[in-house]
Structure formats: structure tokens, C-alpha cells
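J.: Fold the following.
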Amino acid sequence: MQDLKQYIEDNKERFLEELFELIRIPSISSIADHKPDMYRAAEMWKKLLLEAGVDKAEVLETEGNPVTYAEKILDPSYPTVMVYSHMDVMPVDPIELWKSPPFEPEIRDGKIWARGADDDKGQGFMHAKAFEYLVKTNQLKCNVKFLIEGEEEVGSPNLPKFCTDNKELLKSDVILVSDTGMIAPDVPTITTGLRGLCYWQVEVTGPSRDLHSGLFGGAVANPINVLAKMITEMVDEKGHITVPGFYDDVIEVSDEERALMAQAPYSEDAYKKALDVEELGGEAGYSTNERTGIRPSFDICGIWGGYTGEGAKTVLPSKAYAKISSRLVPDQNHEKIAELFIKHFESVAPACVKVKVEHLHGGQAYVCPIDLPAYKAADKACEAVFGKRPVPVRSGGSIPIISTFEQILGVKSVLMGFGLESDAIHSPNENFPLEQFYNGIETLPYFYKYFAEMEK
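T.: Numbering: from 1, shown residues only. Predicted structure coming up:
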């Protein structure tokens, strides 16, 4: 495209300065004290998009955190692309593991280090700069809308209603998303599927108060012991989830598709080395990539109770807690799975404890057909920059709103991400390689070019 590489080269420093200003806002959606930061981030996105060339941008209210909406409508006959991203980020705990302050971005070893560097401020920002380039060089042949939300990291609980209330405003031909990743820096990747999600918090109560573990230990059930045993029984020795009815609606992937998935570059030794583990685990009969792409999972995300401070305290606790997530696949319904788990978990609780299960949030799985015109445009865009066609993969992650977009707006999403597994999203020392950042800005304009040509 016309002077694209040169445009990026000439503006590299400005791009980073603007991105860093956005990253410095600690927009953590799961912590109520950061509510003002969500509005600061929304206003910053409004400013960035206006400077990039949209016709209008505004911060709109939801029943939770705000969204930033912007648009540039060139011609009603042009196809319309809606870019979706999120301004909220994960909490930074444990803070002591960060090598540099999480909201003070730094460049080290050719990478941006900060919370949100990849997920999703860095990747969302690529879209603003690709759009800016197309506008300033008069090469944009699509109408473009931006929807930047503030609750993705907590399951987008208020965006479905916002979409329902604003169907006309959000009308588009495709939704373009960069909140996923690539297999490797030299292996372009388009995510064709996302797992769904269910997330619960459980509370197990034993005695009415904490007890002396010497005077009562062995006579009164310890709720931590009970909770640990109940959790262990949720998955059998073959990695199969034991909740009755859990697999009833799972679509079994064909041998043909499994064979295509197996062509993706993968080294089990490198995978284990990167994670510093000696052995992998999971459902018997499936490869590692299949376990994270086409099969559901069940994991404990946090567990606590009793005394966890320094030194010893001989206490038999009154309560124990756990946060539990399950990744789902087509055609599992997250609401159905939520109820199946609650019913089963409560039913297996022994009489010595009381159990309370709260369903926190969830979302459906999503699949993008590879014969979709927008997918083909993304395919050609990746080939134009990386010199090879992208590998279609199914991600183990979840972006609950993607399936909701399809249900409410009737629009498919193309998941064209540039993150890497080593970016440590959701963890301390999140990072984003500069090469990936600039490659994303270079690739996205080609998507618009090819999509406009296909939609003529």
C-alpha cells in the first residue's frame, strides 16, 4: 500500500507516546475504586479516535462502565467494519513480581512492558493507527465504526443490553477484533473459534466460628478439607468432567478438522520448557492443542480460607472459598452449564457443611467460517505482510461478547490478533513485542483494502 511502511517508520515515536498515555490509566474494571479511571480511559479513546480521523466520537453510558463509540461514514454504499476492543485491564497482583511498575510502560528487550500492553490497549491501539493511515492517505474504502468497551475483563455484563438498545447505531457488515494471538512471530494466525465460559464462586461453611484445631480437629469437619475433596471429584482420572449432562451438547470435531489442526506448528518440549513443567495433563485421547481449542475444561482459579498470614495459627476455619471457571465449546449453553454445576456441586456436599454457589458470569463459544469474505480478506492481509498464509486456529480463551454480537446484532466477527503466548497477559510482566505492534499496524490496512474489493 502507498508508503505504508514509511508512514509507520515516520510516526513510531508518536505512536508509542500516545499508547503510553493510554496505558498509564489504571483502568481495572474488577475493582470499584477504579471507576473514575474507566471514564478517563473512555475520554482518552475519544480523543485518540478524533485525532485519527473519525467524524464523531462520544462516551456513552451503560448500566456499568462507559463505552467509547466513534464512526466515519464515507458512503452508504461502502461496506461497514466495526472495530471492537476493550479499555479495561486485569488487576496487577501480585505486584511484587513485576520488574517495573505495571502502569509505567517501559521498552526493554524490544518489548513494551506494562499492564494492557497487549491485552487489549496495545492491540486496540493498532486499529486506531491503521485507520489513521488510511484516512490521511485517502485510501479508506470502508465505513468504520469503533466500539471500545470497559467491562470485557469481567465478562461484559452490560454490553448485551447496550447492543440491544443501539442496534441501528452498531449496524455493520463485520466486526474486526484484535484480542487474540499468533502461534509464533513468524506464523500469522487467525482465530476461528473461541471457547465459552462459566465462572462461579463457591462458599463452604462448617462450624459457626473458627475453632481451635487441637480441641476440635478430628471431631468437626474442616470446610477447607471438604471443599478440596469436592473439587477433586469434579474431574476424573482421565480428565473427564463428572458433572452429569456436562457433555450432552458438545459438538465433536470431525477427524478431517482435527487433522487440519494438527498441521499447526507445535513442539511439546518447547511448550513444557516455556512453562517450566515436566509433564502436561488433560483429557485423555486429545492433543494439547485440541484440549485447549475444541474440548471444555474445568479449573480452580483461586481457593482460600482459614489462616494464611505469616507463621502458624492452629485454627479449624469456619469457611472456605473457591473461584471456579469452565471453558466451554460449541454447542454448550453457558446458562445451562451454570445450573448443571450448581445443582451437582450442592448435591454432592456432605451433611457436615453448607454450600453456596454463585454464578458470576459466562458466555457462549464462537466459530467463524473460513469461507466468510471477511475471513478471506484477513487471510490475504496476513499473507501480504508476513509472506505466508495464516494458520486458522481455535483458541482456548473466551471473549464472551463475540457470540453475543452474533446473537443480537447478527454479525460475524473476524479475530485477527497479533499477541504471543509469551506476552503474559493477565500475569505480572505483561508485554508486547514492538515487532508485533508495528506488524499489526501494517497488516490491518490491507484487511480494509481486500474487504472493500470483495464486497463490491
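J.: Against Glu58, how distant is Asn65?
T.: 15 Å (C-beta to C-beta, to the nearest Å). In short, each C-beta sits where N, CA and C put it, glycine included.
J.: the more surrounded of the two?
T.: Asn65 (27 against 14; other C-beta atoms under 10 Å).
J.: Which residue lies closest in space to that one, excluding its sequence neighbours?
T.: In this structure, Asn65 finds its nearest non-sequential neighbour in Gly150, 3.3 Å apart by C-beta to C-beta, 6 or more residues apart in numbering.
J.: Quick one: distance of stretch 333-344 to the chain centre.
T.: 22 Å (C-alpha atoms, centre = their mean, to the nearest Å).
J.: Identify each buried residue in it, please.
T.: Across stretch 333-344, burial judged by 16 or more other C-beta atoms under 10 Å covers Asn333, His334, Ile337, Ala338, Leu340, Phe341, Ile342, His344.
J.: Which of the residues you listed sits closest to Asn431?
T.: Nearest to Asn431 among those: His334, at 31.0 Å, using C-beta to C-beta.
J.: Can you list the buried residues in the helix or strand bottoming out on mean pLDDT in the chain?
T.: Of all helical and strand segments in the chain, the minimum by mean pLDDT, DSSP states H and E falls on helix 255-261, at a mean of 80. Burial within helix 255-261, assessed by neighbour count using 16+ other C-beta under 10 Å, is assigned to Arg258, Met261.
J.: And the next helix or strand past that helix?
T.: helix 268-275 (DSSP states H and E).
J.: what does the next helix or strand after that next one rub up against?
T.: With elements assigned by DSSP H and E, the helix or strand that comes after helix 268-275 is helix 288-293. For helix 288-293, contacts defined as C-beta atoms under 8 Å, 6 or more residues apart in numbering pick out 193, 195, 239, 253, 258, 261-262, 264, 266, 268, 271, 280, 282-283, 297, 393-396.
J.: CA-only coordinates of the strand or helix carrying Pro392, as PDB, when you get a sec.
T.: Taking DSSP H and E as the definition, Pro392 sits inside strand 391-395. C-alpha atoms of strand 391-395 as PDB (Å, rounded to 0.1, in the frame of the first residue of the first chain):
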ATOM      1  CA  VAL A 391      -3.000 -20.700  10.100                       C
ATOM      2  CA  PRO A 392      -6.600 -21.000  11.300                       C
ATOM      3  CA  VAL A 393      -6.800 -22.000  15.000                       C
ATOM      4  CA  ARG A 394      -9.400 -22.400  17.700                       C
ATOM      5  CA  SER A 395      -8.400 -20.500  20.800                       C
END
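J.: Any buried residues in it, and which?
T.: Val391, Pro392, Val393, Arg394, Ser395.
J.: One more: stretch 110-119?
T.: In stretch 110-119, residues buried by neighbour count (16+ other C-beta under 10 Å) are Lys111, Ile112, Trp113, Ala114, Arg115, Gly116, Ala117, Asp118, Asp119.
J.: Report the contact partners of Asp423.
T.: So Asp423 contacts Ala117, Asp118, Asp119, Gly181, Glu430, Asn431, Phe432, Pro433 (C-beta under 8 Å, 6+ apart).
J.: Apply 6 Å and report the result again.
T.: Asp118, Asn431, Phe432 (C-beta atoms under 6 Å, 6 or more residues apart in numbering).
J.: want to throw these into a markdown table with secondary structure?
T.: Output for the contacts of Asp423, formatted as a markdown table (DSSP: H, G, I helix; E, B strand; the rest coil):
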| residue | secondary structure |
| --- | --- |
| Asp118 | coil |
| Asn431 | strand |
| Phe432 | strand |
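J.: how about the strands of the stretch 301-450 of the chain, start to end?
T.: For the stretch 301-450 of the chain, the strands defined by DSSP state E, counting those that start in this stretch occupy 315-316, 319-328, 354-363, 366-367, 391-395, 413-415, 431-433.
J.: who does the first one pair up with?
T.: To tie it back to what came earlier, the one meant is strand 315-316. strand 211-212 (antiparallel) (DSSP bridges).
J.: which other residues reach the partner strand?
T.: Here strand 211-212 has contacts from Leu316, using C-beta under 6 Å, 6+ apart.
J.: Quick check: Met284 touching Lys238?
T.: Just so we're on the same page, residue 284 is Ala rather than Met. Yes: the pair Ala284 / Lys238 is scored as a contact, 4.3 Å apart, by C-beta atoms under 6 Å.
J.: Secondary structure element for Ile190, which one?
T.: strand 189-194.
J.: taking the mean pLDDT, what do you get for that strand?
T.: Averaging pLDDT along strand 189-194 yields 92.
J.: what's the offset of that strand from the middle of its chain?
T.: For strand 189-194 - counting by C-alpha atoms, centre = their mean - the centre lies 12 Å from the chain centre.
J.: could you say what helices and strands it packs with?
T.: Counting contacts by 3 or more C-beta pairs under 6 Å, 6 or more residues apart in numbering; DSSP states H and E, strand 189-194 is packed against strand 391-395.
J.: Wait, Ser100 touches Glu106, no?
T.: Yes: here Ser100 lies in contact with Glu106, judged by C-beta under 6 Å, at a distance of 4.9 Å.
J.: shared neighbours of those two, anything?
T.: Trp113.
J.: Can you list the low-confidence ranges for the stretch 101-250 of the chain?
T.: For the stretch 101-250 of the chain, no stretch has pLDDT under 70.
J.: go with 90
T.: Filtered on pLDDT under 90, the stretch 101-250 of the chain yields the residue ranges 155, 193.
J.: how about the strands in it?
T.: With DSSP E, counting those that start in this stretch as the criterion, the stretch 101-250 of the chain has strands spanning 106-108, 111-113, 143-149, 174-177, 189-194, 196-205, 211-212.
J.: now for the second one, which elements pack on it?
T.: If contacts are counted by 3+ C-beta pairs under 6 Å, 6+ apart, strand 111-113 sits against strand 431-433.
J.: Pairing partners for the strand it packs on, with directions?
T.: Applying DSSP bridges, strand 431-433 is found paired with strand 111-113 (antiparallel).
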